[in-house]
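> everything below, folded, please.
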Amino acid sequence: MLCRKSNITFAAQQIFYFCWLTNVQDMRSMVLCVLTQLVTISAIIAQPAQRFDVLIDELFPDPSPSVGLPNSEFLELKNNSGRAINLKNWKISDGSSSATISSNFILGIDSFVIICPSSSQSSFSIFGSTIGVSSFPSLNNDADQLILISPEGSFIHTIQYDFSWYQNDLKKEGGWSMEMIDTKNPCNGANNWIASIDKSGGSPGKRNSVSTSNPDEMPPALLRSYAIDSTSIVLVFDEPLDSLSASIPSHYSIDAIAPVKAIPLSPFFKEVKLLLQNKLAYQKTYPVNTSDIKDCAGNSIGLLHSSVVGLPEPISNNELVVNEILFNPLPEGVDYIELYNNSNKIGDLSKLYIANRNSTGNLTNTVALSASSYLFFPGDYLTFTENKKTVELQYAVKSPHWLIELPSMPSLPDDKGQLVLLNEQGLVVDEVPYDQQWHFALLASKDGVALERMDFSKKSDDKNNWTSASSTSGYGTPTYRNSQYLSSQQMKGNVSVSPKVFSPNNDGYDDFTQINYAFTQNNLVGNISIFDMNGRMVRVLANQATLSQTGSFRWDGMNDQSQPLPSGIYIILFEVFGLDGKENHKKVISIMREFENVDDLKMLITRKRIQMRKCGK
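Numbers count the residues shown, from 1 in each chain. Predicted coordinates:
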């Protein structure tokens, strides 16, 4: 029997063979040949694609300046299944527009195809198989979402990228593609994407230049929860979930309220909607716990399995307050604004806005605090910035989950400005006409120093209610209580040392002494010097340090040259200066010596105290 390929193209783009019979026995072979081909066609047509059968594994959102690729956007699809798949009537959407592949195209096993605008098809065809589509969704340079949809309407692959996925500050400026590292790990987001290392700027139509094993071994984490209404809540996770494990109601508990249904939300499957048996009450916080939830790689949820939820209410004047402002950041820094929930209500950031007020009294640069529901609980400190990583590098961020990155911020001039917090009705919740003159007057430099509110109950426009963050806090306290927080229950001015006897021998027991302080005033500067019994200064622990109301310094028994000092009695001099120029002296005896018995220690202390009185100390 002789066979050759047919030029006929069928609906499934499957290659057929014509066969010529040379004898009767060839008929059986011909039947088997045709049946095999028909079975293959049937398999392509009859089996709907499943999640992750086809992947978006390369993106080119910013083609300029060109490194070597055509000056046009593209994305690449890879067949990640074990069979050929016809891409006819598949759609690619960015949520606002979509493009449809209108012609038959068989994407073979482990093969690639470039998807681009019709006008660029000829330019990309030299790199490999290419499909040009009309209405190609524009790929935003900074951030966007893409959804790959099968003809049956199933979401096969979805991604939400931003320019951090490049993991390269130079390449994110344009001309380089973003590539998936491991196509066996399709839902690990930013951890599985990086800029191409191909010399042309990308690898369209072929295996990615960065391709290597990169398994997902991290468990999913529950980030937060929010209420849609009194009987519906949504849980937000950090990565796509296995929809089967996420759809079991018994995997969730909300205080004493049992969920009756769990619905993983497409297309990204990072959220699960729970329908509750009983209603939530206002001004009450409910703990939420999860168990046996898995991500799409099969990792079970770990320690980060809980959150809180409650019913949000409209926010009124002074129920939320501006608590801290960094308007004059370091040269490589960014601005930030911290808000504090000063009420018993739960707020919703999606219904709150920050803005400027210009010289004519009009609001400008209005920014929504969240595009989706995000609960703001009583007593929480939420900080907003354009760059979370920079803030985390420059300041001690004690609650990273309370540091929120916005796509843009209101203008915060270095000298002065007007910052306004608004509710969904456009009514003012809080307003601060900040000024650099509100900083501590003795501050050497204001660069990188946040302005902190001292008292939640006092007016926001009172300059006496604001001052500079202390140097002991790192000049800023984003996501936690201000270093200059003023409370009527603060203890009176006091300096203490604990322990008074310490032995810096690295044995893990009393290896250093802690100098603790607490004052009723703000706007203080402190010097801490240590003297031996001959009056010689041996160590300067602090010099012109701006102080918070409470804090501590540690002494390890070393001098200024980092050399260990001999055993004996030392005097700690704590000088405190206010704006009026007065100073307070606090002298505390600190002893660091090992004695054979208590009587020897008592005798030495008595002798040294008599010596100090004679010296007038």
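
> okay, the residue nearest to residue 221 when sequence neighbours are not counted: pLDDT?
Counting by C-beta to C-beta, 6 or more residues apart in numbering, residue 221 lies nearest to residue 304, which is 3.6 Å off, once chain neighbours are set aside. The way it works is simple: take the backbone N, C-alpha and C, and place the C-beta from them, glycine included. Reported pLDDT at residue 304 in the predicted model: 92.

> and what of residue 547?
Residue 547 carries a pLDDT score of 85 in this model.

> the chain should start at 521 in everything you say after this.
Sounds good: first residue 521 from here, last item residue 1067.

> tally of neighbours for it?
Using other C-beta atoms under 10 Å, residue 1067 is surrounded by 23 other residues.

> who's in contact with the residue lying closest to residue 727 once chain neighbours are set aside?
Nearest residue to residue 727, sequence neighbours excluded (C-beta to C-beta, 6+ apart): residue 632, at 7.6 Å. Remark: with contacts taken as C-beta atoms under 8 Å, 6 or more residues apart in numbering, residue 632 is in contact with 577, 596, 597, 598, 599, 648, 649, 724, 725, 726, 727.

> picking that back up, okay but the residue nearest to residue 741 is in contact with residue 738, surely?
No. Taking C-beta atoms under 8 Å as the contact criterion, residue 824 and residue 738 are not neighbours in contact, 10.2 Å apart.

> just the strands in the stretch 621-770 of the chain please.
Secondary structure of the stretch 621-770 of the chain, counting by DSSP state E, counting those that start in this stretch: strands at 626-627, 632-637, 650-653, 663-669, 675-682, 698-700, 713-715, 742-749, 752-757.

> quick one: those strands as a markdown table, columns for distance to residue 961 and mean pLDDT too.
Listed next are the strands of the stretch 621-770 of the chain as a markdown table, based on distance: least, C-beta to C-beta, whole Å; pLDDT from 0 to 100:
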| stretch | distance to residue 961 | mean pLDDT |
| --- | --- | --- |
| strand 626-627 | 70 | 97 |
| strand 632-637 | 61 | 98 |
| strand 650-653 | 64 | 97 |
| strand 663-669 | 43 | 96 |
| strand 675-682 | 42 | 95 |
| strand 698-700 | 50 | 98 |
| strand 713-715 | 48 | 98 |
| strand 742-749 | 41 | 96 |
| strand 752-757 | 45 | 97 |
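
> any idea where the helices of this structure begin and end?
Residue ranges of the helices in the chain, as given by DSSP state H, are 546-566, 641-644, 763-766, 908-914, 1118-1134.

> flag every buried residue along the third one.
Going by neighbour count (16 or more other C-beta atoms under 10 Å), the buried part of helix 763-766 is 763, 765, 766.

> would you format those residues as TSV with distance to residue 1004 included?
Formatted as TSV, the entries for the buried residues of helix 763-766 read as follows, by distance: C-beta to C-beta, whole Å:
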residue	distance to residue 1004
763	49
765	47
766	45
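
> so which of those residues is the closest to residue 757?
Checking the buried residues of helix 763-766 against residue 757 by C-beta to C-beta gives residue 766 as the nearest, at 8.4 Å.

> got a list of what that closest one touches?
Going by C-beta under 8 Å, 6+ apart, the list of residues near residue 766 reads 782, 784, 789, 792, 813, 814.

> check residue 736 too.
705, 707, 708, 711, 712, 815, 817, 819.

> now do 7 Å
If a contact means C-beta atoms under 7 Å, 6 or more residues apart in numbering, then residue 736 has 705, 708, 815, 817, 819 as its contacts.

> cool, residue 1032 as well?
If you count contacts by C-beta under 7 Å, 6+ apart, residue 1032 has them with 1022, 1024, 1074, 1075, 1076, 1077.

> any chance of JSON lines for those, columns distance to residue 892, neighbour count and pLDDT?
Converted to JSON lines, the contacts of residue 1032 look like this (distance: C-beta to C-beta, whole Å; neighbours: other C-beta atoms under 10 Å; pLDDT from 0 to 100):
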{"residue": "1022", "distance to residue 892": "53", "neighbour count": "21", "pLDDT": "81"}
{"residue": "1024", "distance to residue 892": "53", "neighbour count": "17", "pLDDT": "77"}
{"residue": "1074", "distance to residue 892": "44", "neighbour count": "10", "pLDDT": "84"}
{"residue": "1075", "distance to residue 892": "50", "neighbour count": "21", "pLDDT": "88"}
{"residue": "1076", "distance to residue 892": "49", "neighbour count": "14", "pLDDT": "83"}
{"residue": "1077", "distance to residue 892": "54", "neighbour count": "21", "pLDDT": "87"}
